[in-house]
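Q: Coordinates for the following, if possible.
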Amino acid sequence: MTDDQQLIESSESALQPEPELRNERREFFKAALGATAATVAGAGALSIATSASAATIADNDMGNFLLQIEYLVAQYYSFAVSGVGLPAAQLTGVGTAGAATGARQVTFTDPLVSQYAQEIAQDVAAHVAFLRTTLGSDGVTAQPAIDLGVTATSAFSKLAGAASVVTAGTAFDVYASDQNFLLGAFMIEDVIVTGYAAAAASITDRTILGQVLGLLSAHAHHASMIRSLLYAKGVATPALRTNADSISDVRDSLDGVGSDASKDLDHGISPTTVNGNLVSNIVPANPEGIVLGRSAGQVLNIFYLNSAAVSSGGFFTAGLNGAVKTSAVN
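A: This is a model prediction of the structure:
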């Protein structure tokens, strides 16, 4: 199989709360997405660990990795709220430069969704500018090619197809409605939060650590906005909750095994029962109430849509620029 494997449809649509059922479901999605056995260049790239030991990534390499995923989220919101992407001057640098393709403006119908989207768009564009300035002397990396399209073979559509948001092999247009836009944002934002959470553990410079924690906090607020909107709108439209749950399960099928009791690194948004009380599930936290973390390799498993060690695919069709570019083996 190639790195850009076709996804197949899952017949399930709701999160299973029991750990054994959730693990079975994760394995189902993993089989659906598939994994390449091919050995790719860069398979020995460094990655940080969420719990066990792993090689350390240099601070500037980690910064450039975070910049690469900021390009993805910033371009998504920029196009969605304005119809245009980031300024060209914010995209240059070391490595192979690529374009963000396939995106367009959303015609928002809910003023709250529009206002949230515009606020996040401003924040993440500022993140890109900040990281580029901070990393300038260390060789800031260029934006790689990013797939933000909505054809049947686009990354958004493949992830939606695997989660049965749409029939596998058909298009999912994240720009067609407020609800679709929120699901598209959900696909990305949670992953970035967990990536920042784990990245902070590898930073050795205290000044840079403070900056990374600030960026993590901003993304945590963004993800909470998205999860809260989907949860609230899910009262009238239950499919929003079950679709988000299924997207969460697909991500769990790709990123391997976590260290918490359920072995999950992802949570859906449907309410759960705690001590006999029905509670929301806005924060993707472990049993200690700590936000879950993913190594750089695990983040790339999801953004490449591949549970194997590969160097491109999914949202990043030509891979990343910089030293950190290979997904983990799960």
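Q: Tell me how far residue 177 lies from residue 137.
A: 44 Å (Cβ to Cβ, to the nearest Å). (Glycine included, C-beta is placed from N, CA and C.)
Q: Please say which of those two ends up with more neighbours.
A: In this view residue 177 and residue 137 are compared by other Cβ atoms under 10 Å, and residue 177 has more residues nearby, 16 against 8.
Q: mind listing the strands in the stretch 151-300 of the chain by residue range?
A: Counting by DSSP state E, counting those that start in this stretch, the segments of the stretch 151-300 of the chain that form strands are 272-274, 277-279.
Q: roughly how far is stretch 85-94 from the heart of the chain?
A: 21 Å (Cα atoms, centre = their mean, to the nearest Å).
Q: ditto for stretch 138-152
A: For stretch 138-152, the distance to the chain centre is 14 Å (Cα atoms, centre = their mean).
Q: Over to stretch 120-140?
A: 18 Å.
Q: Now do it: everything it contacts.
A: Applying Cβ atoms under 8 Å, 6 or more residues apart in numbering, the external contacts of stretch 120-140 come out as 60, 63-64, 66-67, 70-71, 73-74, 77-78, 80-82, 86, 90, 93-94, 141, 185, 208, 211, 215, 218, 222, 225.
Q: ok, now how distant is residue 95 from residue 88?
A: For residue 95, the distance to residue 88 - Cβ to Cβ - is 16 Å.
Q: Specify the residue positioned farthest from the middle of this structure.
A: Computed with Cα atoms, centre = their mean, the residue of the chain farthest from its C-alpha average is residue 276, at 32.2 Å.
Q: For the strands of the stretch 151-300 of the chain, state which one has the densest average packing.
A: Ranked by mean neighbour count, the strands of the stretch 151-300 of the chain are led by strand 272-274 with a mean of 11 (mean count of other Cβ atoms under 10 Å).
Q: which other helices and strands contact that one?
A: strand 277-279 (3 or more Cβ pairs under 8 Å, 6 or more residues apart in numbering; DSSP states H and E).
Q: roughly how far is the strand it packs on from the heart of the chain?
A: 27 Å.
Q: likewise stretch 215-235?
A: 13 Å.
Q: List the buried residues for that stretch?
A: 215-216, 218-220, 222-227, 229-231, 233-234 (16 or more other Cβ atoms under 10 Å).
Q: same deal with stretch 116-130?
A: Neighbour-count burial for stretch 116-130 [16+ other Cβ under 10 Å]: 116-117, 120-121, 123-125, 127-129.
Q: right, and out of those, which lies closest to residue 201?
A: residue 127 (19.6 Å; Cβ to Cβ).
Q: Phi first, then psi, for the closest one.
A: With angles defined as degrees, to the nearest 10, residue 127 sits at phi -60, psi -40.
Q: Would you map the helices across the stretch 101-250 of the chain?
A: With DSSP state H, counting those that start in this stretch, the ranges of helices along the stretch 101-250 of the chain come out as 111-135, 155-162, 178-199, 206-233, 238-254.
Q: can you redo the ones you listed as CSV with mean pLDDT and distance to residue 280?
A: Formatted as CSV, the helices of the stretch 101-250 of the chain follow (pLDDT from 0 to 100; distance: least, Cβ to Cβ, whole Å):
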stretch, mean pLDDT, distance to residue 280
helix 111-135, 97, 18
helix 155-162, 98, 24
helix 178-199, 96, 15
helix 206-233, 95, 6
helix 238-254, 95, 10
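Q: In CSV: those, plus distance to residue 292.
A: Output for those, formatted as CSV (distance: least, Cβ to Cβ, whole Å):
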stretch, distance to residue 292
helix 111-135, 21
helix 155-162, 19
helix 178-199, 5
helix 206-233, 11
helix 238-254, 10
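Q: Go through those and name the closest to residue 321.
A: Nearest of those (Cβ to Cβ): helix 111-135, 11.8 Å.
Q: neighbours around the nearest residue to residue 285 once chain neighbours are set aside, how many?
A: Closest residue in space to residue 285, ignoring its immediate chain neighbours: residue 291 at 5.5 Å, by Cβ to Cβ, 6 or more residues apart in numbering. For residue 291, the count of nearby residues is 17 (other Cβ under 10 Å).
Q: For residue 156, see how far away residue 291 is.
A: Distance from residue 291 to residue 156, by Cβ to Cβ: 24 Å.
Q: now residue 69
A: Residue 69 is 16 Å from residue 156, by Cβ to Cβ.
Q: Show me which of those two is the more surrounded one.
A: residue 156 (29 against 24).
Q: quick revisit: go ahead and confirm the residue nearest to residue 285 touches residue 194.
A: Yes: Residue 291 lies in contact with residue 194 (Cβ atoms under 8 Å); the separation is 7.1 Å.
Q: Surely residue 165 and residue 243 touch.
A: Yes: counting by Cβ under 8 Å, residue 165 touches residue 243, with 4.7 Å between them.
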